[in-house]
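J.: no FASTA, just this:
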């Protein structure tokens, strides 16, 4: 099964910005993953999971006998990434008693072009902003702060969480994404370049040639420097774990590598805005009958390993307006998969899954959701149905974030330059659960900064994050119809199940930094 989309770049009216040509120095970090066995693979990539969660002593012989070569070796979780030109490779290696599952490796993609050529959307929501989340406008410290309604929704402002703490540099937030623009004024001051890594063989640098990774990193920790935006936790350290290339493509295996590396380094938080859908089952079928996909097993093992080593994993739930609560039903209705389907990594056990809200604190029309899967919500933007007053915000429901100077131009993408005390940088307007996840991860980083000494157990971080969220009840009626163009989604409606404290649209509620810090 080919994984689906991670985020959508749907653009509205641009914010006002100074048009200055940005010339940025391309700085690279040629640091390949320590767990990688070789260079570019020859043949097809396969994910192989061993039954004992470790690699058997004769693993090299098993691989060679099936006609494969080891590209990625993760002995900590009993997983290999293998290359083979043998069309029967999966079946042959699966015959080994020690192998739990083997399939062709799943690819990930951020697929930016979903709305190209689509007709107009329906009318915006005719309702006022829901109560319970941060008021607006609030004072923000940087040039583009007046556009950051998403941060205001989380009480991240000069009078809100910044007055309590802006985070600590000893707290490290790692992001699995397309890299970062290492010279960007809203990135480089907080970037831990030495600990950052690329897991993409074709790009031996963490420099971002796509833009998506620079955006998500800035949402977490853009510094307060008089330029551009300020992040949720503007003084924490950023670590880039590059898992996707310039076109947004990657392997789910690269995220597994990144999580294992994060565990070894004992990073505090991992924020992932990359989405995949992997087959799995909950009906007791033997793994070798093809029910549990190797990539699902490997990703779950990687998450478990990271959490056991003190890493809180926060991840986007995806932008397909799918109910993720029932894997079997999801697989059958949306993917034609007779077994179940799980969204990874956001839908995996031990991951804080983040859905997206818009200006009115409603679930966005695109956000995936589901009871027991959506743990918390955070602003992700919605320029079609949740438009803020134009006299307050010019971004048209989108969110503003840093953009890479080395990203290729993209039709329809609003990119502009802002110059301030720290220099000039590019910025872009986006929306998606990819934007919501780093917003929530930033609040998690503030929690660790305040309550850790210096670290905090993932269970404690999660408990404070969810327990302090601004509760949002299901809408009335609970079934919401979205007037989207035909064919955009499998379903043009979403049904919210649950109560005020916990439901399928918002989980425990909208992330609130001020409440998380005990000041509200």
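T.: Yes, it's here. Owing to the predicted nature of the structure, the values given are computational and were not obtained by experimental measurement.
J.: got a list of what residue 490 touches?
T.: Residues in contact with residue 490 (C-beta atoms under 8 Å, 6 or more residues apart in numbering) are 320, 321, 322, 333, 334. For every residue, glycine as well, the C-beta is placed using N, CA and C.
J.: name the nearest residue to the fourth one, ignoring sequence neighbours.
T.: Looking back up the chat, that one is residue 333. For residue 333, ignoring the flanking residues on the chain, the nearest one in space by C-beta to C-beta, 6 or more residues apart in numbering is residue 490 at 7.1 Å.
J.: rewinding a little: format the contacts of residue 490 as CSV; extra columns: pLDDT.
T.: What follows is the contacts of residue 490, written out as CSV (pLDDT from 0 to 100):
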residue, pLDDT
320, 94
321, 96
322, 96
333, 92
334, 93
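J.: spatially central residue in the chain, please.
T.: The residue lying closest to the centre of the chain (C-alpha atoms, centre = their mean) is residue 273, at 1.6 Å.
J.: tell me which element the nearest residue to it once chain neighbours are set aside falls in.
T.: Nearest residue to residue 273, sequence neighbours excluded (C-beta to C-beta, 6+ apart): residue 434, at 3.6 Å. Here residue 434 sits within helix 433-451, counting by DSSP states H and E.
J.: is it true that the residue nearest to residue 273 touches residue 219?
T.: No: when contacts are counted by C-beta atoms under 8 Å, residue 434 is not listed as touching residue 219 (9.3 Å).
J.: who does the nearest residue to residue 292 once chain neighbours are set aside bridge with?
T.: Leaving aside its sequence neighbours, residue 292 sits nearest to residue 280 (C-beta to C-beta, 6+ apart; 5.2 Å). In this structure, residue 280 bridges to residue 340 when assessed by DSSP bridges.
J.: residue 280 reaches residue 339, doesn't it?
T.: Yes: using C-beta under 8 Å, residue 280 is in contact with residue 339, at 6.8 Å.
J.: higher neighbour count, those two?
T.: residue 280 (25 against 20; other C-beta atoms under 10 Å).
J.: tell me the contacts of the more buried one?
T.: By C-beta under 8 Å, 6+ apart, the contact set of residue 280 is 291, 292, 293, 296, 327, 339, 340, 341, 342.
J.: in a helix, the fourth one, correct?
T.: Same thing as residue 296. Yes: under DSSP: H, G, I helix; E, B strand; the rest coil, residue 296 sits within a helix.
J.: and it, how many neighbours?
T.: For residue 296, the neighbour count with other C-beta under 10 Å is 30.
J.: if I read this right, it contacts residue 277, doesn't it?
T.: No: counting by C-beta under 8 Å, residue 296 stays clear of residue 277, with 9.4 Å between them.
J.: list residues touching both of those two?
T.: Residues touching both residue 296 and residue 277 (C-beta under 8 Å, 6+ apart) are 342, 344.
J.: where does the residue nearest to residue 333 sit: helix, strand or coil?
T.: With three-state DSSP as the basis, the three-state label of residue 490 is coil.
J.: buried sites along stretch 56-65?
T.: 56, 59, 62, 63 (16 or more other C-beta atoms under 10 Å).
J.: and which of these is nearest to residue 242?
T.: residue 63 (26.3 Å; C-beta to C-beta).
J.: and that closest one, what helix or strand is that in?
T.: helix 59-65.
J.: what's the answer for residue 81, then?
T.: Per DSSP H and E: residue 81 is located in strand 79-84.
J.: so for residue 434 and residue 219, which sits in the more crowded spot?
T.: Set residue 434 next to residue 219 and count neighbours by other C-beta under 10 Å: residue 219 wins out with 35 against 32.
J.: residue contacts, that one?
T.: Applying C-beta under 8 Å, 6+ apart, we find residue 219 in contact with 231, 232, 399, 401, 435, 438, 439, 442.
J.: chain center to stretch 481-492, what's the gap?
T.: 23 Å (C-alpha atoms, centre = their mean, to the nearest Å).
J.: in a helix, that's where residue 371 is, yeah?
T.: No: Residue 371 is assigned coil when assessed by three-state DSSP, not a helix.
J.: how near is it to residue 407?
T.: In this structure, residue 371 and residue 407 are 37 Å apart, going by C-beta to C-beta, to the nearest Å.
J.: residue 421 too?
T.: 24 Å.
J.: perfect, that will be all.
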